[in-house]
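[1] pasting the sequence and the predicted coordinates here, then a few questions.
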2 protein chains.
Amino acid sequence: MSYELYYWPGIARRGEFVRLALEEAGVAYVDKAREPGAEETLLALLERSDLLHPPFAPPFLKHGNVLIGQTAAILLYLGERHGLAPTDQAERLWVHQIQLTIADLVSEAHDTHHPLGAHLYYEEQKPEALRRARDFRENRIEKYLRWFEEITARKREDGPYLVGDRVTYADLSLFQVTEGLLYAFPRAANAVLADCPGVAALRQAVAQRPRIRSYLESDRRTAFNESGIFRHYAELDR
Amino acid sequence: MSYELYYWPGIARRGEFVRLALEEAGVAYVDKAREPGAEETLLALLERSDLLHPPFAPPFLKHGNVLIGQTAAILLYLGERHGLAPTDQAERLWVHQIQLTIADLVSEAHDTHHPLGAHLYYEEQKPEALRRARDFRENRIEKYLRWFEEITARKREDGPYLVGDRVTYADLSLFQVTEGLLYAFPRAANAVLADCPGVAALRQAVAQRPRIRSYLESDRRTAFNESGIFRHYAELDR
């Protein structure tokens, strides 16, 4: 029984965290965002009134009769099933805690270009975006990346990953977030990363995992663009 | 072994979701936010360099050697231990998915008064808050509450709760969010709630649970105020 991933077509965004986990797990999945009529399929599913567990918003994952929304909940599910989370209960919760903090960072990154809300275009909230992005650049990127750096520095096990000696879904998500920050805020993110060797090593290690490398080189990977969460607007990275 | 809850003193905010779960569970806990020097205790813990699982931000819960941050992760832990989550794995994930959506709503409610970020006072971002709050009031409150309403309407079991026939931590959190919306946006929230009988019944049912009622009447309950997430500024509710 293969997985079906539902998401908006043409943008990486939150769907990409799920894709990376599915790719690393090496399981069969159908990326519904890449099929013709993807948007209509998605909207039709959101409007179905017979679902017992209706998702609030994409991404969501269908697996037989199971339908799961919320990126972190999807990863909790996939992590347990495919060895992308520790078996120890406390360690597994720790990975989830890290993932929820990554989700907060993702929201804040989004709000740099949409501080007044998603109902307006970036062009309609540019002065506000400049003010919000300055704080993100000057304070938040560093606060988050230093926290991840501390985690890699304090752990007892060897290896480049956040928890234990095996890759988890949180590592894959941190890879994606780091890539996103480097795309959107190259000046600010490179400056912080230069002082975060643990995060930089983790990013390299994830990129070099055979399945991830092959995914990144394939046409299944969606490039960052200015419809996504991580957008490069030069004026926001000054 | 009793629980210790760490949070900023004097404000309800995200700590309140954890308090409600601890109160409903009927377990012993120390609310460190109510002790003298609470802020110093909290900051000292955040700055400790020997923690293997350092939290990014409060609230966090200490239970023996276990230290957990992120509200939803804390509730996942408490829910399993104290019967505030279903035993069935798929239902348990569904409760968590709802909780993560509540967390998104909480973030959006916060951003109505701090669209440019938490580093500035409300007074420094008032015109922006007016614009952001309008969208929240006119679109987002209804979108979220209608989703919760649908969940109560579609479920197969009897009873006022979101999942199954027993109260879960997501019900307690939805109660808190509804109270918060009614405090911050009485006009907008009352208008939507009038059309959401399921959510209104859930709110009543939670408030009338013996342990919750006794908690709400006690001095352990922190009232909403203008330092919290849900703030009543009349100009944002017009």
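    That came through fine.

[2] beta partners for A:Leu61?
    A:Leu5, A:Ile68 (DSSP bridges).

[3] may I ask which helix or strand of chain A has the lowest mean pLDDT?
    Least confident helix or strand of chain A, by mean pLDDT, DSSP states H and E, is helix A:38-47 with a mean of 92.

[4] off-centre distance for that one?
    22 Å (CA atoms, centre = their mean, to the nearest Å).

[5] neighbours around A:Ala85, how many?
    27 (other CB atoms under 10 Å in any protein chain shown). C-beta coordinates here come from the backbone N, C-alpha and C atoms, glycine included.

[6] again, but for A:Leu42
    19.

[7] what of the one 3 residues further on?
    Taking other CB under 10 Å as the neighbour definition, A:Leu45 ends up with a count of 18.

[8] check contacts around the closest residue to it other than its chain neighbours.
    Counting by CB to CB, 6 or more residues apart in numbering or on different chains, A:Leu45 lies nearest to A:Tyr6, which is 6.3 Å off, once chain neighbours are set aside. Residues in contact with A:Tyr6 (CB atoms under 8 Å, 6 or more residues apart in numbering or on different chains) are A:32-33, A:41-42, A:45, A:58-62.

[9] which of those sits closest to chain B?
    Of all the contacts of A:Tyr6, A:Phe60 has the smallest distance to chain B: 9.2 Å, by CB to the nearest CB.

[10] looks like the closest one contacts A:Thr71 (just checking).
    No: counting by CB atoms under 8 Å, A:Thr71 is not a contact partner of A:Phe60; they are 9.4 Å apart.

[11] coming back round to it: determine which two of the contacts of A:Tyr6 are furthest apart.
    Based on CB to CB, the longest span within the contacts of A:Tyr6 runs between A:Thr41 and A:Leu61 and measures 14.3 Å.

[12] those two: which has the busier surroundings?
    Using other CB under 10 Å, the more surrounded residue of A:Thr41 and A:Leu61 is A:Leu61, with 27 against 16.

[13] what's near enough to touch the more buried one?
    Per CB under 8 Å, 6+ apart, neighbours of A:Leu61: A:3-6, A:18, A:67-68, A:74, A:77-78.

[14] and the helices in chain A?
    Using DSSP state H, the helices of chain A run over residues A:15-25, A:38-47, A:71-81, A:89-113, A:126-135, A:141-154, A:169-184, A:186-193, A:197-207, A:210-217.

[15] worst average pLDDT in those?
    Looking at those, the lowest mean pLDDT belongs to helix A:38-47 (a mean of 92).

[16] which secondary structure elements does that one sit against?
    strand A:3-6 (3 or more CB pairs under 8 Å, 6 or more residues apart in numbering or on different chains; DSSP states H and E).

[17] and A:Arg187, how many residues sit next to it?
    Neighbours around A:Arg187, by other CB under 10 Å: 11.

[18] meant to ask about A:Lys155, not that
    Counted with other CB under 10 Å, A:Lys155 comes out at 17.

[19] what does A:Ala188 give?
    22.

[20] how about it: what's its closest non-neighbour residue?
    Nearest non-adjacent residue to A:Ala188, counting by CB to CB, 6+ apart: A:Arg137, 4.2 Å away.

[21] quick check: the gap between the one you found and chain B.
    Distance, A:Arg137 to chain B, by CB to the nearest CB, to the nearest Å: 11 Å.

[22] domain map for chain A?
    What automatic domain parsing lists as the domains of chain A is A:3-81, A:89-209+A:225-237.

[23] tabulate those domains (TSV), appending distance to B:Pro86.
    Shown next, in TSV, are these (distance: least, CB to CB, whole Å):
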stretch	distance to B:Pro86
domain A:3-81	12
domain A:89-209+A:225-237	18
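
[24] which of those sits closest to B:Gly26?
    domain A:89-209+A:225-237 (22.4 Å).

[25] identify the residues contacting the least confident helix or strand of chain A?
    For helix A:38-47, contacts defined as CB under 8 Å, 6+ apart pick out A:6-9, A:32-33, A:35, A:51, A:54-55, A:57-58, A:60.

[26] what's the answer for stretch A:141-154, then?
    A:98, A:101, A:105, A:160-163, A:174, A:178, A:181, A:185, A:188-189, A:192-193, A:195-199, A:201-202, B:49, B:51-52, B:54, B:56.

[27] same check, this time on stretch A:124-133
    Stretch A:124-133 has contacts (CB under 8 Å, 6+ apart) with A:111-116, A:122, A:185, A:233, A:235-237, B:115-117, B:128.

[28] for it, list every residue counted as buried.
    A:125, A:128-133 (16 or more other CB atoms under 10 Å in any protein chain shown).

[29] so A:His82 touches A:Val27, yeah?
    Yes: applying CB under 8 Å, one finds A:His82 in contact with A:Val27, separated by 6.5 Å.

[30] ramachandran angles for the residue lying farthest from the centre of chain A?
    Distance from the C-alpha centroid of chain A peaks at A:Asp50, with 29.5 Å (CA atoms, centre = their mean). Backbone torsions of A:Asp50, given as degrees, to the nearest 10, read phi -100, psi 0.

[31] who are the contact partners of it?
    Contacts of A:Asp50 (CB under 8 Å, 6+ apart): none.

[32] would you mind measuring from it to B:Cys196?
    According to CB to CB, to the nearest Å, A:Asp50 and B:Cys196 sit 20 Å apart.

[33] tell me the pLDDT of A:Ala12.
    pLDDT for A:Ala12: 74.

[34] can you tell me the closest non-neighbouring residue to it?
    Using CB to CB, 6+ apart, the closest residue to A:Ala12 is A:Thr222 (4.2 Å).

[35] that neighbour reaches A:Ile11, doesn't it?
    Yes: with contact defined as CB under 8 Å, A:Thr222 counts as touching A:Ile11 (6.6 Å).

[36] count the residues that sit near the residue nearest to A:Ala188.
    22.

[37] then A:Arg19?
    Neighbour tally, A:Arg19, other CB under 10 Å: 22.

[38] now it: how far from chain B?
    19 Å.

[39] likewise for A:Ala38?
    22 Å.

[40] tell me how many other residues crowd that residue.
    17.

[41] tell me the contacts of A:Arg92?
    Neighbours of A:Arg92 in contact, by CB under 8 Å, 6+ apart: A:79-80, A:85-86.

[42] do I have it right that A:Pro115 meets B:Thr112?
    No: using CB under 8 Å, A:Pro115 is not in contact with B:Thr112, being 11.5 Å away.

[43] confidence score at the residue farthest from the centre of chain A?
    With respect to pLDDT, A:Asp50 has a value of 91.

[44] ok, A:Met1 next?
    For A:Met1, the pLDDT comes out at 79.

[45] so what's it up against?
    A:63-64.

[46] distance of it from B:Leu93?
    17 Å.

[47] excluding sequence neighbours, find me the nearest residue to A:Ala205.
    Per CB to CB, 6+ apart, closest to A:Ala205 is A:Pro160, 4.0 Å.

[48] same check, this time on A:Gly198
    A:Thr152 (3.2 Å).

[49] number of nearby residues for the one you found?
    21.

[50] re earlier: pLDDT-wise, what's the bottom of the contacts of stretch A:124-133?
    The lowest pLDDT within the contacts of stretch A:124-133 belongs to B:Gly117, with 91.
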